[in-house]
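[1] Structure for the following, please:
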Amino acid sequence: MVTFSRPISWAKLAELRSRGLAVETIELVSQPDRSGLRWTIGGAFGPGVEDLVAEAATDAGVELLGIVSAEVIVPDAATLRNVQNDAAVFLVDLSVEDFMRNNPGIQDVSQNDVYWSLAGWD
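    Numbering: from 1, shown residues only. Below you'll find the model as predicted:
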């Protein structure tokens, strides 16, 4: 799980992907809606996801701030170091990977990012 230090753009995500990060899912957050609530919009990363989240934001009547986290595959130590050293990255958390490696056969393990805490919204 990668939590970004601030909401990032699609271009920044593409840059990180070009450096070896394999993105599986993304999460974006919105500006507060009329009620003062923030929305989380996201899902599986792939073709058309940018249009999908934009449409969801339009339907909800909110403006997206950007991508705040992603479930990723980090293929090697060099990519990990490269991504960890990027100013847009707050945390690369490999806890789930470590847990799964030490508990073969376990499935359905998930992990939340820490962006809401980082932003002070929790």
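[2] CA only for contacts and neighbour counts going forward, please
    OK.
[3] burial count for the nearest residue to Leu65 once chain neighbours are set aside?
    Distances taken as Cα to Cα, 6 or more residues apart in numbering place Ser30 nearest to Leu65, at 5.1 Å, with adjacent residues excluded. Burial measure for Ser30: 20 neighbouring residues, criterion other Cα atoms under 10 Å.
[4] doesn't Gly61 make contact with Ser30?
    No: counting by Cα atoms under 8 Å, Ser30 stays clear of Gly61, with 9.8 Å between them.
[5] which residues in this structure form helices?
    Using DSSP state H, the helices of the chain run over residues 10-18, 49-60, 77-84, 95-102, 115-119.
[6] wait, which of the ones you listed is closest to Arg34?
    Ranking the helices of the chain by their distance to Arg34 (criterion: Cα to Cα) puts helix 49-60 first, at 10.5 Å.
[7] what about the nearest residue to Trp116 once chain neighbours are set aside, how many neighbours?
    Distances taken as Cα to Cα, 6+ apart put Asp122 closest to Trp116, at 5.7 Å, once the chain neighbours are dropped. Around Asp122 sit 8 other residues, with neighbours defined as other Cα under 10 Å.
[8] Helix or strand with the lowest mean pLDDT in this structure?
    helix 95-102 (a mean of 85; mean pLDDT, DSSP states H and E).
[9] buried ones in that helix?
    For helix 95-102, burial by neighbour count (16 or more other Cα atoms under 10 Å) applies to no residue.
[10] repeat for stretch 50-65
    53-54, 57, 62-64.
[11] TSV please, covering those residues and showing distance to Val23 and pLDDT.
    Formatted as TSV, the buried residues of stretch 50-65 follow (distance: Cα to Cα, whole Å; pLDDT from 0 to 100):
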residue	distance to Val23	pLDDT
Val53	16	95
Ala54	18	95
Ala57	21	95
Val62	25	96
Glu63	23	96
Leu64	19	97
